[in-house]
Each structure stands twice: as C-alpha cells, then as structure tokens.
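Visitor: sequence plus predicted model, see below.
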Amino acid sequence: MATISGPASVALRSLNASDTTFLQSLPKAELHAHLNGSIPTRTLIDLAKRYPPPADLGIDIAGHIAKLESGVTLAEISDFFALFPAIYALTATPEALAEATSAVLDAFLTPQPAPPEFTYDPAPECTYIELRTTPRATAHMSREQYLRTVLSKIESFGDRAALIISIDRRMSENDVKECVDLAIKLRGQGQPVVGIDLCGDPLKGDVAMFEGHFKRARHAGLGLTIHIAETVQNTEAESGTLLSWNPDRLGHATFLTEDHKLQFFADVPQPDTEIPPSKMLLSDPEHPFHEHFLASHKMHLDRILRESTESEEARMQLSFHFDADKGARRAAIKEVESLMQPKVAEGRRKPCIEICLSSNLLCKTVPSLEDHHIRYYLANKHPVVICTDDTLPFRTTLLAEYALLLAKPPFGLGLSREEVTQIAEMGMKARFTKPTKSTRS
Ligand SMILES: CNc1ncnc2c1ncn2[C@@H]1O[C@H](COP(=O)(O)O)[C@@H](O)[C@H]1O
C-alpha cells in the first residue's frame, strides 16, 4: 500500500468514486519512472533490514529512510539528488536489486490496495511501463549484471514492461560508451531494451560529449528520450544541441524557449504519422500538410489568374481554368514538398513530452499547476504523456497524477473525461518498440 501526499493526493481526494473508477479504467502507459526513485518505502525498509550496507559507508541510512517515510521537503531540485546515495547503498547487490525491481514493477502493474484514507478498489496503476535505470557497477556486480538482473524481472511481465537504459550526465565518456554498447548488445539478443535516456543532475556535465553515443544508439533502433530544460539554468545552447539529436521523447522540457519550440516543433508531423506521398495532398484532408497545400494552391491560382495575358475570350474557356488549376497545384505541391522534405527526410516528428506534474511542483521548478507547461503543449496539440518520475520521494502514484488532470481547479487542471482519455491514448502511442525477431542475433 503506497502512502501518498502532496498536490496529487489532494486532487485524487477531490474526485468522486465514479471519476476515480473512470481514471482506473483508462489504458495508461508509464513512460518516465526511475527505478531507484520508485521503490516502495516498505521495500526499502525491508532491504535495509535484510541486506544492511557496511557500517563504514558513512551514510546515515536509517535517517534517510525516516526522511523518505515522513515525506521530504525540497528547497530546490539539487536537494533531490542528495537522496540517492542512501537508496543506492540498499540496491548494491544483485539480490537486493532484483527485489527492488520486482517491487517497483508490482506497484505499477499489479492491483495494489488503495493508500490509507482512500477507499477505491485495487487496480493496476498502468497497462504498460517503460522502467528506466542507470546501470551501476558496484562491489557486487558489473554494469552488465546490473542490467541482466533488472531485465530478468522485466521479462517476467511479457509485453507489459520494457527497459530504458539511463545515462547519467555525470558519467565519463568511457562509462557512456559502455552503457550504450550494453544497450545495443542486449537489444540485439532480443532483450526488452527499448530506449536510452539522458538524466541526472541537470546542472552537471557537458552534453556535447554524449552526441556520438546517442546517435549510435538511435541507429541500432533504440528510442531516445532526453531530460531537457529541466531548470531555468539549463541554457538555450544546451537545449539546441539536445534537440538536434532528434529525440523521440523529452523529459520535462519545462524551460524550452519559444524560438526552440517554433524551430523544432512547428510543421513537424505528429510522432505516429506515416507521411503520405505528396500526390495525396489535395485528396486527403488528413494529410499533415493538407492545410498548407490548400493555402498555397489558392495563392498560386490567384497569381496565375491575375498575371495571365490571355485574351478575354480564352479566359472564358473551361480549359483555361483547368490549366490554371493544374499549374497552381504543381506550384503548391513543389512548395509544400520543399517545406516538408527536410524534416521528413530527417525523420523528424514532434517529440512526446513526458510530463511529471508532482515532480515539477515539489522540486519547485514550476510554481503552480496554473503555470505548468503542460498547458502550452496541450493548447498546441503537442503529444504528451503523464508520468510519475520518482514515486518514492514525491509520494505519488500514476492514478494520482491523472487525478491532477481531471480534478476541478484549484485541485487540478479541470480537463474533461474526453480530454483525459485523449492524453492517455497519446501516452500509449508514444511507447518505444521492442526488438523484433529480425533484429535478434
Ligand atoms: C527530478 N527529476 C529527475 N531529473 C533528472 N534525473 C533524475 C530525476 N529523477 C531521477 N533521476 C535520475 O535517476 C536516478 C535514480 O534512478 P536509477 O538509479 O537510474 O534507477 C537518479 O540518481 C537520477 O540520476
């Protein structure tokens, strides 16, 4: 049973039973959950008893657990990263890591009793999870053993779970290379490794160093998700570098500039669109460039008619209008092709934004729901997915995060059931793909 508190629990409490059941029944994908940040508190306490870390480690494990149990208050996002050394000390052996992974997967994928003070019936938090974790080499295991331990638990959930391998911004280039090599190797062996993530303290590291490795991962068929512009101090130049890698999804994206949104997102097709051939521009109103085509066609037709030197008599002929229309169509197709080709050729799609509402509020990168950047992305029909980030310190659940969408202001965004359904569907569509048989070696 998870204990929840904070804005998401207030939102969940404000819902009536029918709304809660509605949210539980929606197929949902959890695409941004960090393993070591999502361990249930009771599991952590249990691990501390059964696998006590060496006393000379210099970390106050009991103190940290007590803090996590009673709820941490973060003055700023950097306080958040100080929580992890104690958690890492408890998941340093293959046995403890396996138990932690099972507990996290169970919490998301199997029916759990409602938190204290809530009375809804148990139901799984989500339909599908892409759990992410940073492979750590410890005194008891190599990075490969770490990943194989996590994967053995993920595999037991079949198509309902997959792994994203996180690269920490603080890693050396050798470490990054090892992690990407492992991701490619394990995926090649048919393991459910679906993507690579860039995470960690947003103010550390030089991201340019990671570029070649992320591109290598992409060529091997792995999805790319990147924590980006998570704090106001993350520079526009850094975000520009990260966006130039053409990521499939973006974590947080709180402080992306208007210029970047225009430069990288406008006129870029939605993630799941196959671009139909340009000959369909006229006949297919669903073609992503149909509106552009119609506007351009009208402009060219007006120009051809205006500039025509034909006699009055010739202008009355049907064939004149037919030719003018054909000319305008050709010019419009050419124009739209030149607009869409560079982006289509690069395979660019709007990257789905992984939204973690409680995380942003509690890390104080966003002052209130009212100010949250999800509003911008929804208003601009930009794909988003609702995620928990780290349920352990943020004391939330995926259900409670969805409650923040549906609850009436000031407890939530006050979206309709239909809007929330569409958001859940966007999340399901933003899943990465598992390796197919043909990619297995
Ligand atoms: C607040 N939002 C966040 N921003 C950036 N990185 C985060 C994060 N939340 C978690 N992590 C990253 O995930 C690690 C824990 O899980 P794993 O050891 O990988 O399983 C943290 O050490 C941090 O690097």
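Guide: Yep, it's here.
Visitor: Val344 contacts Pro269, correct?
Guide: Yes. Applying CB atoms under 8 Å, one finds Val344 in contact with Pro269, separated by 7.3 Å. Where you see a C-beta, it was placed from the backbone N, CA and C, and this is true even at glycine.
Visitor: which residues are common contacts for the two?
Guide: Common contacts of Val344 and Pro269, defined by CB atoms under 8 Å, 6 or more residues apart in numbering, comprise Ile275.
Visitor: ok, and the closest non-adjacent residue to Thr3?
Guide: Excluding the flanking residues, the one nearest Thr3 by CB to CB, 6 or more residues apart in numbering is Pro115, at 5.7 Å.
Visitor: same thing with Asp60?
Guide: Ala86 (7.3 Å).
Visitor: contact partners for that neighbour?
Guide: For Ala86, the contacting residues are Ile59, Asp60, Ile61, His64, Ile65, by CB under 8 Å, 6+ apart.
Visitor: tally of neighbours for the residue nearest to Thr3?
Guide: For Pro115, the count of nearby residues is 18 (other CB atoms under 10 Å).
Visitor: one more: Ser25?
Guide: Neighbour tally, Ser25, other CB under 10 Å: 9.
Visitor: now Ser283
Guide: Per other CB under 10 Å, the neighbour tally for Ser283 reads 9.
Visitor: how near is it to Arg329?
Guide: Noted for Ser283: a distance of 11 Å to Arg329, by CB to CB, to the nearest Å.
Visitor: does Phe411 touch Ser14 like I think?
Guide: Yes. Counting by CB under 8 Å, Phe411 does reach Ser14; the two are 4.3 Å apart.
Visitor: the more surrounded of the two?
Guide: For Phe411 versus Ser14, the count of surrounding residues by other CB under 10 Å is larger for Phe411: 19 against 15.
Visitor: report all helices and strands that the top helix by length along the chain contacts.
Guide: Of all segments of type helix in the chain, defined using DSSP state H, the longest is helix 318-345. Under the contact definition 3 or more CB pairs under 8 Å, 6 or more residues apart in numbering; DSSP states H and E, helix 318-345 sits against helix 290-307.
Visitor: what comes up buried for the helix it packs on?
Guide: Judged by neighbour count using 16 or more other CB atoms under 10 Å, the buried positions of helix 290-307 are His290, His292, Phe293, Ser296, His297, His300, Leu301, Ile304.
Visitor: which residues does the residue of the chain most remote from its centre contact?
Guide: Relative to the mean C-alpha coordinate of the chain, counting by CA atoms, centre = their mean, the farthest residue is Glu313 (61.8 Å). Shown in contact with Glu313 (CB under 8 Å, 6+ apart): no residues.
Visitor: tell me which element it is part of?
Guide: In the assignment (DSSP states H and E), Glu313 maps to helix 312-316.
Visitor: tell me the average confidence for that helix?
Guide: Across helix 312-316, pLDDT averages out at 90.
Visitor: let me see the domain layout of this protein.
Guide: Annotated domains of the chain cover 7-273+349-439, 278-345 [automatic domain parsing].
Visitor: okay, these in TSV with distance to the ligand next?
Guide: What follows is these, written out as TSV (distance: least, CB to the nearest ligand atom, whole Å):
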stretch	distance to the ligand
domain 7-273+349-439	3
domain 278-345	29
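Visitor: which of these comes out lowest on mean pLDDT?
Guide: Of all the domains of the chain, domain 278-345 carries the lowest average pLDDT, namely a mean of 89.
Visitor: how distant is that one from the center of its chain?
Guide: Relative to the centre of its chain, domain 278-345 is centred 39 Å away, using CA atoms, centre = their mean, to the nearest Å.
Visitor: what does stretch 208-217 give?
Guide: Offset of stretch 208-217 from its chain centre (CA atoms, centre = their mean): 19 Å.
Visitor: next up, the contacts around the residue nearest to Met426 when sequence neighbours are not counted.
Guide: Nearest in space to Met426, with sequence neighbours left out and distances taken as CB to CB, 6+ apart, is Pro383 at 4.8 Å. Taking CB under 8 Å, 6+ apart as the criterion, Pro383 is in contact with Gln270, Pro271, Lys350, Pro351, Cys352, Ile353, Tyr377, Met426, Lys429, Ala430.
Visitor: write a PyMOL command that selects only the buried members of these.
Guide: A single PyMOL command selects the buried members of those (16+ other CB under 10 Å):
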select buried, resi 271+350+351+352+353+377+426+430
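Visitor: now render the contacts of Pro383 as a markdown table, adding secondary structure and distance to Leu23.
Guide: Converted to a markdown table, the contacts of Pro383 look like this (DSSP: H, G, I helix; E, B strand; the rest coil; distance: CB to CB, whole Å):
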| residue | secondary structure | distance to Leu23 |
| --- | --- | --- |
| Gln270 | coil | 25 |
| Pro271 | coil | 24 |
| Lys350 | coil | 25 |
| Pro351 | coil | 26 |
| Cys352 | strand | 20 |
| Ile353 | strand | 20 |
| Tyr377 | helix | 20 |
| Met426 | helix | 16 |
| Lys429 | helix | 19 |
| Ala430 | coil | 19 |
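Visitor: what residues are up against Val72?
Guide: Neighbouring residues of Val72 by CB under 8 Å, 6+ apart: Asp79, Leu83, Pro393.
Visitor: which among the residues you listed count as buried?
Guide: Taking 16+ other CB under 10 Å as the criterion, what is buried in the contacts of Val72 is Leu83, Pro393.
Visitor: which parts of the chain are strands?
Guide: Using DSSP state E, the strands of the chain run over residues 29-34, 128-133, 161-168, 193-199, 223-228, 249-252, 352-355, 384-386.
Visitor: and Ser368, how far from Pro409?
Guide: If you go by CB to CB, the gap between Ser368 and Pro409 works out to 10 Å.
Visitor: swap in Pro367?
Guide: 15 Å.
Visitor: do Thr73 as well
Guide: From Thr73 to Pro409 the distance is 24 Å (CB to CB).
Visitor: and if you look at Ser78?
Guide: Counting by CB to CB, the gap from Ser78 to Pro409 is 31 Å.
Visitor: one more: Ala2?
Guide: Noted for Ala2: a distance of 25 Å to Pro409, by CB to CB.
Visitor: sorry, back to before: out of the contacts of Ala86, who's nearest Asp121?
Guide: Nearest to Asp121 among the contacts of Ala86 is Ile65, at 30.0 Å by CB to CB.
Visitor: the closest one: what's it in contact with?
Guide: Applying CB under 8 Å, 6+ apart to Ile65 gives the contacts Thr41, Leu44, Ile45, Ala48, Ala86.
Visitor: the residue nearest the centre of the chain bridge partners, please.
Guide: In the chain, the C-alpha nearest the mean C-alpha coordinate belongs to Glu354, at 3.2 Å (CA atoms, centre = their mean). Listed beta-bridge partners, Glu354: Gly251, Val385 (assigned using DSSP bridges).
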